[in-house]
Structures are given as structure tokens and as C-alpha cells.
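1. Output the structure for:
(3 chains)
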Amino acid sequence: MDVVHGLNPQQQQAVTAPDGAVLVLAGPGSGKTRVLTHRIAYLIQHQGVAPWRIMAVTFTNKAAREMTDRVAGLLGGRPDGLTLGTFHACCARILRREAEHLDRTSSYVIYDTDDQESLVRRALKKLNLDDKKYPPRQMLQRIDRYKNELIKPDTVQPGSYLEEIAARVYEQYEQLLQESNAYDFGDLLMQVVLLLDSVPAVMQAYQQRYRHVLVDEFQDTNTAQYALVKRLAAEHGNLFVVGDEDQSIYLFRGADWRNVRRFRDDFPECQTILLEQNYRSTQIILDAAQAVIQRNPHRTHKRLFTERQGGGQITVEEAHNEDEEAQMVVDTIRRLAHSNEARPGDVAIMYRINAQSRRIEEALMRSGMPYRLVGALRFYGRREVKDVIAFLHLVQNPADSVSLLRVINVPSRGIGARTIASLENWAAALNRSPGDALTHMTDGSDVGAGRFPGSNTAHVALSRFAALLAGWVARSEILPVADLMDVILEESGYQRHLQDGTTEGQERWENVQELRRVAAEFPDLNLTDFLEQVSLVSDVDKLTDEVNAPTLLTLHAAKGLEFPIVFIVGLEDGILPHRHSWEEPDQMWEERRLFYVGITRAKSRLFLFHCFRRSLWGSTEYTQPSRFLEDIPPALIVGRSPGVGIDRPSRTDWSWSRSGGVLPEPAELSRSDRAVQRSAAGAIYMTGQRVRHPQFGEGIVIESQPADGDSVVTVAFSGLGLKRLMGSMAKLETLPDSR
DNA sequence: AAGGCCCTTCTTTTT
DNA sequence: GAAGGGCCTT
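-> You can find the predicted model right below:
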């Protein structure tokens, strides 16, 4: 098969680009994956590059799998030795292969966010720091950021007292991690970069091997990831990256769309190719998407176009509350199905936060319509699933202290806080991890100077668990993973513990069985490989399109997918854009990109819903339609939504809709309120003006600048330092000049 | 050591 | 509104 046939000129140019650095900026639905897979096939088939000299990295397993399949399809078989996988999976493999150069063995375990948090808690305890004053999650966020930025504990440059603390916690955390023979997600990337930098022979080996390095979703790379691919491609200089700045939505994970600009700076002679033809959506949907995204600064302008002219207009509707919103979604799906416009399986319902899914699920259940839910309480995040995986991790790597502490007393076997403390002290005295110390209870080294110092009861309880563990470790060599699970579930008493006669217990047991089924499905994976698989997969990966049912998912989870019909619900200020994004312009831009991603998932029809009032976390609040809705040209919209679309006064004019003298209806009241709250949009403040912010308190305006229809205000708050705020969102109250 | 009760804490989450 | 953590009692 000709790998160039059927491509448009820009795609062709990208696929056949000569050696060197190539930057492909690909709009949504422009055939990004197509370009990547054809490029790989082209290199192998037309340029004679050996598959093992090519590395292609993606972010998700799903993307990796799809690319593998498509490359295989193009070449009529899976190429031998091609490195194609997620960043994390590729790095995990390198760390196992190169373990001899590292301070962890090749049977290391991978810690997820939960594991990381409990490690931070332990680090805080060891340092005698109050976890009220230094919330573990915040500490962890900083640690993650350091790792994403390739900053080691000893290279942290603390800019504040809090950062100084964070650096100390980071150092302690690293010790615990090393002692547990574990890496966290951030390490997988950072440790590989550090390894390359510290062992020249390893660096050379990989650089010489990979003649071509290709990167998918480049806009989502963080500093460590960019550093990694730059090093790998340094020898041959063939770095081919594909991305879309407008779809960068993982800032909070360290993704930095600025890497696109860095790439251009680092490779000034790079070839830049724009993919602007969209093969997915109607022109109306594209126009709306572009109108929304164009208000973001610092982006490479693209003019998306499609040959799919026409198509239905975008529907914008206001519901009274989230129940009515959910019902309207269900009714609309019904209507579309009835008129044969779409099958329920063509539909996706997207929302900003998982908490929004419940009302929709309830409405769907009421109407007897099945649905597919992505994410929510992630399968691998469930307590019982994590418990069983912790048992397995412990068997694979008894040094794993997070897993040990998680399950050592589950179900209760008389090992309480005091016993654990004496185990930890003993381990520290022996200079071992608690798990290693425990293992030595059964092999006779628990005598003389190394004798366990705690009470006899504690010793007995610990020995019993140590014996159990030793038995599992012995059998892990011979039993397939599924059988090993059966043994552990039985002997640990975990099965009886779950099957306590309640429905909830039964549900939990079924989840455990689901995990067992996954293990049974891959009988030739050994324990280490199985656990690596489990650590590096997510729920979206399991999404199949066999069932004819609507899909419920967050906007984040929707990236990379497409659906004929898309509903986005909860388009209200506070939800999308989310409250927590209001203060930082950077985050506000990201919210906009998130909306853009949602819109561009739609092939034929787009439905946008917002509520007049919404209850979230118990309390009910009146809402304002999302500010992003205003940016969609009215001509593209139909529907009955106040202030949005045709025949309606624009929102900024709402002040005059107030009824004179008559007590206003609730709706009217809220509209005039909205107008008042909006009055600060684009407001410019005098330097030196005193202001009050609802959260930050009083401060002084340092700078105030217009920014497309809005303003960015820099305020110095006492004790908090400088904050950059959006004029329209900050709800700043001006204060009279005192003194 | 274990179980119950109150309190806080809530985004998004490719790996 | 729900779930996990911390504190208290048994």
C-alpha cells in the first residue's frame, strides 16, 4: 500500500518531510494520527529506516494502541522492534533495563497519586511537621512540580518559607521512595533524564539507536518530557512533533504549551506544517469553535475549514436546574433517536466535573436508557481494587512500604498503630525498610542484636503476617497471577472481610473479581508485567464502542475522541470556566481550551446547556451562563436561552431589562444582578488604588492593563504578595483612599 | 486495638 | 452530599 496516497498536500508534506526537526500544528480532526502513522510507515518503507531505530511516544495507552494497529495495517504486519508507547511506559522499560545504573532494582513498583500522598504524610510525620499547616496534597503538588521541572531536592531554590518546607519534605519523600524500591509517575520521566545525563555510555547508546523520534500531543509535554525527547534526538536531529496549542488542557499536570515555542527556538531551522483541513465537523461547529478559541492570546493562528458545509445550528438551552437539564438531555436524545437522526450510541454527554454526572445518570436510568460512564470513581481507584493490588505489589517487592502499611492490618489482625510504630523503629535501626525487616522475622535473622524490640503480642502478630507473606512470595514464582490472587484473597481473610453480607460488600467483591478476570485474561504476563500494566492504564483505555448507548465523560476524558452528537452541560460561570480558574489568566485560557476541545469533538450536532440555578455540594446558587457562550456568534445558534443567540439583547445590555417599579420575577432579578456583577469587565484601575477582594482581602493595585475585552489587574495583597486577576472575574471592590 | 462519630474537604487527572 | 481522616470512647 502506498503510504502517501489519499493524503492532502499538507499531510503529504508532513509525512514525507526530509530529515531534521519538524513541527506539525494540527487542528482538531485534521488527521493528526494519520500523519504520524503514515510518517512511521514512510520512514520504514521508503527511507529504509529499521523499525528498531524509531521511537514514537504518546500520552495515552489508547493512542499508542491505535497507532500500533494503524502502522501494522499500513505495513501489512507489525514492524519488529519499533518503540511505540506512552512516555511513561517507555521510560518504565528503560528504568528496568538499566537498573544496574540506578539505586532501585528492576522489580521496583510504581506509586500512583494515592500512594504518593500517603508517602508525603509519612515524610511529614518523620520531620515532625504539622499536616494541618502543610497539607499533604499541597506538598505533593509542589513535589510533582519539581519533578516535572527536573528539580532534585538539592537543587530546589526556595523562594518562600513554604517552599523551604516543601524542599525538606521532598528530600524525605525521596528517601522513603528509594527505601521502598519505588518510583512515582514523575520519576519515570525524571529518572530517565537524570540517568542519561549521568551515564554517558547509556546516553550514547540510546542516542545512536534512535535515528527518528516522533512525539504525539506535543502541546501536553512537560519540561521533563521535552528534555527527554530532545536528548534522545540529539545525535541524529530527527525530531518530529505533532500537536495543537489550542488543545493543551493539562496545565495542572505540568503540561506546558510553551514547549511549542521552545521547540521553534531550539530548532530555528525546523519545518512548520499547519494542518487546517478538518475532516470531522460541520462548518458551523468549526466556526463556533474558532470564535471561542480566538479570544486566547499567544497562539498560532490557524484557519480551520471543512468540506462539510451546512449542518444543523448549535442549540443553546437554559434549564431551570440540573434535574431539568438532565431531563432535557434525555428528551433530546429520545427525539433524535425517534426521528432517526441519531442512535443513542452516537451521543456523548460532556461535563466539567465528575460530580455533574450523577443527575444525568439518574435521568437516564429513570427513562430506562443504558449508558456508558467513563471515569467517575475510577475502577483502579476503588479501595478494594487498590487493596488487592497492594497485596500483589508487596509480594513482588516486599520493600514497598506504602503497600505494606496499607494492608498489614486489613482485615484486622491485631496490628495497630503501636505495633506498626515498633516495626518501623526496628526497621530504621536495622537500616532496612519495614517490609524487609518483616521478611527477616521468618528467616531466623530475628535474633541477637537484630531482635524485635516490641511486645510479645506484637511480635506474634507480625510473625504471623510475615509467614503469610513469605508463603505468597514463594508461590508467586510458580502460580499464574489470577491463581496467586485467589490464594491471597483466601489466606489473608480479605475475601471473608468483603463478603460481609451487605450489598456494598458484594459490589466490592465483584470489583475484585473483575480485577481477577483481567489477570486471567493475560495468563502469560508475569507478576511484574501485570502490575506495570495495571499501574499505567486508565479507564478511558477500556472504552469500546460496542454498545449502543450514550457516553458520559468529562471534557478532559473527551480529548482525542469524536461523536456525531455532543452535549455539553453545565455551561455556567463557576463550572465552565471553573471557579478555581478565576484568579489566574493562565488557567482561564485553559478553561477556554477545554471548551474548545469539547466543541470540536462534535461531528454533526452540538447541544449546549446551562442552568438558571444549580446546587453543588449541598447549597443552591443562582448562576450566570458561561462567559464563553457569549463568544459564539448568534447566527450559529438556535434555542431559548436568555441573553444568548438571536432576538435577545446582548448580555451586557441586561441592565435595561429591569422592570420599573414592579417587583421583578426571580429570573429578572438574577439578570439585573448579573449586570451588576459584570460591571467590572474590562475595568481599568488606577495604580495605587486600594481594593478589596472577597478572598484575598485588601490590597493595592500595581498595574492594570486591557486584555481583549477584559483586563488584567495586578494587585499586591498584604501577606500574599502579587496576584494577577481578571478584571471581570475578580469582583474587586474599590476602597476610598484612607489617610 | 477497634469501632463509631464528627469534621473537613471538595477541579480537571493521559500516566 | 459523600467520603475519608482524626479523635474519642469502649
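2. Could you pull out the strands in the stretch 151-300 of chain A for me?
-> A:182-184, A:212-215, A:239-243, A:271-275, A:277-278 (DSSP state E, counting those that start in this stretch).
3. Parallel or antiparallel, list what pairs with the second one.
-> When you say that, I think you mean strand A:212-215. strand A:54-58 (parallel), strand A:239-243 (parallel) (DSSP bridges).
4. quick one, which of the ones you listed is nearest to DNA strand C?
-> strand A:54-58 (31.1 Å; CB to the nearest atom of the strand). All C-beta atoms are positioned from the backbone trio N, CA, C, and that covers glycine.
5. Could I get the average pLDDT for that closest one?
-> In this model, strand A:54-58 has a mean pLDDT of 96.
6. Say whether DNA strand B is contacted by the helix or strand just after it.
-> Using DSSP states H and E, the next helix or strand after strand A:54-58 towards the C-terminus is helix A:61-75. Yes: using CB under 7 Å from any atom of the strand, helix A:61-75 reaches DNA strand B at A:61-62.
7. can you pull the buried residues of helix A:61-75?
-> A:61-64, A:67-68, A:70-71, A:74-75 (16 or more other CB atoms under 10 Å).
8. If we check DNA strand C, which of these are in contact?
-> Answer for the buried residues of helix A:61-75 near DNA strand C: none qualify (CB under 7 Å from any atom of the strand).
9. Return stretch A:612-628 as CSV; C-alpha atoms alone will do.
-> In CSV, the C-alpha atoms belonging to stretch A:612-628 read as follows (Å, rounded to 0.1, in the frame of the first residue of the first chain):
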residue,chain,number,x,y,z
PHE,A,612,-30.6,29.0,35.9
ARG,A,613,-29.7,27.7,39.3
ARG,A,614,-27.5,24.9,40.4
SER,A,615,-26.9,23.1,43.7
LEU,A,616,-23.4,21.9,44.2
TRP,A,617,-22.2,20.4,47.5
GLY,A,618,-25.4,20.9,49.2
SER,A,619,-26.1,24.5,48.6
THR,A,620,-28.1,26.0,45.8
GLU,A,621,-26.9,29.1,43.9
TYR,A,622,-28.1,31.3,41.1
THR,A,623,-25.8,31.1,38.2
GLN,A,624,-24.7,33.1,35.2
PRO,A,625,-24.4,31.5,31.8
SER,A,626,-20.8,30.8,30.9
ARG,A,627,-19.0,33.8,29.6
PHE,A,628,-17.7,31.6,26.8
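10. what's the first-to-last distance across stretch A:559-568?
-> This stretch, stretch A:559-568, spans 14 Å end to end (CA to CA, to the nearest Å).
11. roughly how far is that stretch from the heart of the chain?
-> Between the centre of stretch A:559-568 and the centre of its chain there are 18 Å (CA atoms, centre = their mean, to the nearest Å).
12. ditto for stretch A:588-604
-> 16 Å.
13. And for stretch A:17-35?
-> 23 Å.
14. count of residues packed around the closest residue to DNA strand B within the stretch 601-739 of chain A?
-> Residue nearest to DNA strand B within the stretch 601-739 of chain A: residue A:617 (4.3 Å; CB to the nearest atom of the strand). Neighbour count for residue A:617, taken as other CB atoms under 10 Å: 5.
15. now the helices: where do they sit in the stretch 301-450 of chain A?
-> Under the criterion DSSP state H, counting those that start in this stretch, helices of the stretch 301-450 of chain A are mapped to A:322-338, A:357-366, A:383-396, A:401-407, A:417-430, A:434-442.
16. quick one: which of the strands paired with strand A:212-215 is nearest residue A:313?
-> strand A:239-243 (30.7 Å; CB to CB).
17. Keeping just the C-alphas, turn the closest one into PDB.
-> Extracted in PDB, the C-alpha atoms of strand A:239-243 (Å, rounded to 0.1, in the frame of the first residue of the first chain):
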ATOM      1  CA  LEU A 239      12.600  15.100  16.000                       C
ATOM      2  CA  PHE A 240       9.100  15.100  14.600                       C
ATOM      3  CA  VAL A 241       6.400  16.500  16.800                       C
ATOM      4  CA  VAL A 242       2.700  16.900  16.300                       C
ATOM      5  CA  GLY A 243       0.400  19.000  18.500                       C
END
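18. Not counting its own residues, what contacts that strand?
-> Contacts with strand A:239-243, where a contact means CB atoms under 8 Å, 6 or more residues apart in numbering, come from A:14, A:17, A:21-26, A:32, A:35-36, A:39, A:212-220, A:229-230, A:233, A:260, A:263, A:267.
19. residue boundaries of the strands in the stretch 1-150 of chain A?
-> Assigned by DSSP E, counting those that start in this stretch, the stretch 1-150 of chain A shows strands spanning A:22-26, A:54-58, A:83-86, A:109-111.
20. which one among the buried residues of helix A:61-75 gets closest to residue A:184?
-> Taking the buried residues of helix A:61-75 together and measuring to residue A:184 by CB to CB, the closest member is residue A:61, at 18.4 Å.
21. per-residue confidence for that closest one?
-> At residue A:61, pLDDT is 84.
22. Kindly report the same for residue A:118.
-> pLDDT at residue A:118 comes out at 86.
23. swap in residue A:425?
-> Listed pLDDT for residue A:425 reads 86.
24. Next, work out how far apart the closest residue to it other than its chain neighbours and residue A:537 are.
-> Excluding the flanking residues, the one nearest residue A:425 by CB to CB, 6 or more residues apart in numbering is residue A:453, at 7.0 Å. Separation of residue A:453 from residue A:537 (CB to CB, to the nearest Å) stands at 42 Å.
25. got it, and residue A:272?
-> For residue A:272, the distance to residue A:537 - CB to CB - is 34 Å.
26. Could I get the pLDDT score of the residue in chain A that DNA strand C sits nearest to?
-> The nearest approach of chain A to DNA strand C comes at residue A:618, 3.1 Å away (CB to the nearest atom of the strand). Looking at residue A:618, its pLDDT reads 72.
27. again with residue A:511
-> 83.
28. starting at the chain centroid, how far to stretch A:213-221?
-> On CA atoms, centre = their mean, the centre of stretch A:213-221 falls 15 Å from that of its chain.
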